[in-house]
Structure formats: C-alpha cells, structure tokens
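Q: Return a 3D structure for these sequence lines:
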Amino acid sequence: MSPDALSPVLSLEALSLTGVGSSPLISETISETGSQTNSAALGSSLLLAPLQVLTTDAQSSSDLATFIEGVQGTLTVSNGLLISDLDTPAGPLDSTFNLSQLTSDLATSVSTLQGTLNINNGVLVGDLSTEDGLVSVNSDFSQLARNFIVTTLESTDATIPITNGQASLDLPTAFGDIEGTLDFGNGQLVSNLDTPFGPIQGTFDFPDDAQIPFNLPPNFGNAVGTLDFAAGQVVIDLVPLFPGSDLTVPLNSLSGNLVLNDGQAALTVNTAVGPVESSINLTPLVSDFVVDATQSANGTLTFGNGLLTSNLNTSFGPVNGTVNLAQLVNDAASDVPGVSGTLTLSNGVVVSNLTTPTGPLQGTLDLGQLVSDLNLTAPSA
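A: Next up, the predicted model:
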C-alpha cells in the first residue's frame, strides 16, 4: 500500500523513529463506524514494535525505548474500539482502532516467530525470525523473569487457603492457570506447581533473615511476634528484652488465609494463642527469589508456529513446558467487547485502569524499561 492511501495522522513518517528510516508498520486502513481505523498500524507499533522497528534500520532497542518514553497521553477502550489520544516524538496519534482486528493481526504476527533463544547462566542470547526480518536478542533473563513475575503478582487479587503450613494455589494468569502447593512450614519453600510453562517442583532454602513481624491480639500487651521462615516457626516474645520469654509454634501447624492484592499480602493464621495477622509486601521478596532462582538458569526458549517451548534448568528446579501464544491471543479476542477503561502513557510507564470480563486489570508497567531490558538488535545489512 502506498503512503498516499493512509490517514494523514498515521503516516509512514509519523511512525518512523528519527534516523531509522521508513518502517513497514502500516499495512492497511479500515473504515468502520465512521472513524478512520488502522488496526495493523497500531497493532504493530504498540504491540510488536520492538520486533518490527528493529528489522528496519534501527540498531538497538534503546532507540525504541527512547521513543516510547516520549509518548504521552491516553488510550481509551470502549465497545470493542481503542481510541488513541497520544502525543509522540514523531507527532500526534489521534484515531480509533478495531480491537478485534488488532488481536487478529497480533496472533498472525506471533505465529510467524521462529527461532531458539539460548540461556546460559541467566543470559538470554539468540536470533528470532519475524515476518519482517531477523532480530537478535542478548538480554538478562533473570531480570526479564523478575519483571514478568512481579507484574503478574501485582495484578493478582486472590485468597489462598493455608493448611498445616502449606498454601494451595489456583491462580489465573494471562498465560493460563497456576495450580498446586507451596509448603513453607519446615524452613524451606517446597514447590509442587503446574504452570503454563510446565511443572515447577523444587526446594528453596529460606535465608536466615526471612523473618516477618506480625500483630498480636490486644490482650498480649507488649508481646512481639515474628514469622521465622528460616527456622520454620512462629516466635512470640512474651516479655521483650527478657531472655527465655519466647513462645514458639511450628509453621507446619498453622492454618488460615493469605489474601493477595496489588503485590501486598494480608496473612491471617490461627494459633493456640489466637489469630495472628500480618501485612507483607511480597514484591521485594518475590523479586529476590526469582533473581536468585534464574541467575544460574541454563536451557532454551523455542518459538515456532505460535508456540513457546521452555526447556530450562534453574537453581529451583526444571521449568519445561509449552505455551500456545497464538491461541492465547485469539482467546483474548472473545473478551474484547467486554473490556472498557483507560491506559495512560507517560515517560515510558503504562498505567492500566481496565474492567474486563474476568475482573479489573489495574497496575503499572514500565514499558520503556522492559523494551530496554530486552536488548534487541537488528544485524547490520
């Protein structure tokens, strides 16, 4: 399609990075409900830009990250449409897009990804073939894994039952359900989980400083309580600063609930001395755990025919499985009519305030940092 057939707002020049040259980000223009709609353009530029921009003349994802950090404005989702009101370094982007067509375009693009990425001691290296060319990847896998897990955690609202020091998980995620148990009652975290990426079974020793204070019932006066995961016990200091006044209760004897909300965890367990409550910021704990578990990771991530297959060994155990990425995108298309709300972009950060058929989707993603961390490179011609 020639540039003359495009909407003036969505010109080739407007969607090209300075110094990058013309990019085939725009492939069709669709007129719908009286609005100028260019689904392929937005699908490519917002969802697949890290791959497509880098198959032109750009030499690193830092160019794209810089561009993203200069985008300011709001994307509004309503009645199956995505309405953009954005200022970009290349000019304004004010248009209406068909979300169903966007997801279809994305599924097609995902299906064309081919190649294997090798992971050696936490470093992700390899080449991916896309519909627009070859992209090289050289990234810190542990940092990418950390960002993915933390983002998933901070977008999860759930109540997890605990029985005898063992948490039973049944958590929906964008990639599929995470089901199984986490046992933390004996000084170790023992995982027995089924995930979209395959089973995760392993044992992780808690560090000595894995201790969390908690609140005691008012009738305990000045007593101080601590959840000591390393020792596998609850410690209640009945008379602070007085030796020998500690009361200990094994963690594997505790039952209750863990409520997750925006990366925070409210823990309530029943003990012989009454209910124990504690509020825990899980984000730094999970972040440290994921980095420790993946810094020594070795194996492969293979893309082909819309599938992502993992074959990894980590310090926490193997992670082997297959995710149908194309099917995930197609499944999301059925939810499009029920999605409404806004995505606000500023300085590379995306703030989501969406209502979906499966519940609210609210949170923050540093998209500029994510693209920079990917460290994608287009080989020189």
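Q: Find the residue at the geometric middle of this protein.
A: Closest residue to the average C-alpha location of the chain: residue 148 at 3.2 Å, with Cα atoms, centre = their mean.
Q: Secondary structure class of that residue, three-state.
A: Assigned by DSSP: H, G, I helix; E, B strand; the rest coil, the conformation of residue 148 is helix.
Q: I figured residue 180 hits residue 194, correct?
A: Yes: using Cβ atoms under 8 Å, residue 180 is in contact with residue 194, at 5.4 Å. Quick note: C-beta positions are derived from backbone N, CA and C, even for glycine.
Q: Leaving aside the residues adjacent along the chain, what's closest to residue 278?
A: residue 214 (3.3 Å; Cβ to Cβ, 6 or more residues apart in numbering).
Q: Whichever strand or helix holds residue 160: what's the following helix or strand?
A: For residue 160, the element it lies in under DSSP states H and E is strand 157-163. Per DSSP H and E, the first helix or strand lying C-terminal to strand 157-163 is strand 166-173.
Q: After that following strand, which helix or strand is next?
A: Downstream of strand 166-173, the first helix or strand assigned by DSSP H and E is strand 176-183.
Q: packing partners for that following strand?
A: The contact analysis (3 or more Cβ pairs under 8 Å, 6 or more residues apart in numbering; DSSP states H and E) places strand 176-183 against strand 166-173, strand 188-195.
Q: most tightly surrounded among those?
A: Burial of these is given as mean neighbour count (mean count of other Cβ atoms under 10 Å); strand 188-195 ranks first at a mean of 17.
Q: what's the next secondary structure element after it?
A: Trace forward from strand 188-195 with DSSP H and E and the next one is strand 198-205.
Q: tell me the mean pLDDT over that next one?
A: The average of the pLDDT scores along strand 198-205 is 75.
Q: repeat for stretch 250-270
A: For stretch 250-270, the mean confidence score works out to 86.
Q: What's the end-to-end length of it?
A: 12 Å (Cα to Cα, to the nearest Å).
Q: Let's see the distance spanning stretch 65-84 from one end to the other.
A: 19 Å.
Q: Could you do stretch 128-139 as well?
A: End-to-end for stretch 128-139, by Cα to Cα: 13 Å.
Q: Using the three-state scheme, assign the residue nearest to residue 278.
A: Here residue 214 is recorded as strand under three-state DSSP.
Q: Would you mind measuring from it to residue 357?
A: 37 Å (Cβ to Cβ, to the nearest Å).
Q: quick one, strands of the stretch 201-350 of the chain?
A: 211-214, 224-228, 233-237, 246-250, 255-261, 264-271, 274-281, 298-304, 307-314, 317-324, 340-346, 349-356 (DSSP state E, counting those that start in this stretch).
Q: Which among those strands is found nearest to residue 202?
A: Of all these, it is strand 317-324 that lies closest to residue 202, at 2.7 Å by Cβ to Cβ.
Q: List the buried residues for that closest one?
A: 317-319, 321, 323-324 (16 or more other Cβ atoms under 10 Å).
Q: repeat for stretch 360-379
A: Buried residues in stretch 360-379 (16+ other Cβ under 10 Å): 363, 365-378.
Q: how about it as CSV, C-alpha atoms only?
A: Presented in CSV, the C-alpha positions along stretch 360-379 are these (Å, rounded to 0.1, in the frame of the first residue of the first chain):
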residue,chain,number,x,y,z
PRO,A,360,-10.4,-5.4,37.0
LEU,A,361,-7.0,-5.1,35.4
GLN,A,362,-5.2,-2.3,37.2
GLY,A,363,-1.5,-1.8,37.6
THR,A,364,1.6,-0.1,36.2
LEU,A,365,4.1,-1.4,33.7
ASP,A,366,7.4,0.4,32.8
LEU,A,367,7.2,-0.4,29.1
GLY,A,368,10.3,1.7,28.3
GLN,A,369,12.4,-0.2,30.7
LEU,A,370,11.0,-3.5,29.5
VAL,A,371,12.0,-2.8,25.9
SER,A,372,15.4,-1.6,27.0
ASP,A,373,15.9,-4.7,29.1
LEU,A,374,15.1,-6.9,26.1
ASN,A,375,18.2,-5.5,24.4
LEU,A,376,17.0,-6.4,20.9
THR,A,377,19.3,-5.7,18.0
ALA,A,378,18.8,-5.8,14.2
PRO,A,379,22.0,-7.1,12.5
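Q: want to try CSV for the strands of the stretch 201-350 of the chain, with distance to residue 103 as columns?
A: Output for those, formatted as CSV (distance: least, Cβ to Cβ, whole Å):
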stretch, distance to residue 103
strand 211-214, 41
strand 224-228, 43
strand 233-237, 48
strand 246-250, 50
strand 255-261, 28
strand 264-271, 32
strand 274-281, 34
strand 298-304, 19
strand 307-314, 17
strand 317-324, 14
strand 340-346, 15
strand 349-356, 13
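Q: Let me know which of the ones you listed is the nearest to residue 123.
A: strand 298-304 (9.8 Å).
Q: Name every strand pairing with that closest one and say which way it goes.
A: strand 115-120 (antiparallel), strand 307-314 (antiparallel) (DSSP bridges).
Q: Among those strands, which one carries the weakest average confidence?
A: strand 307-314 (a mean of 88).
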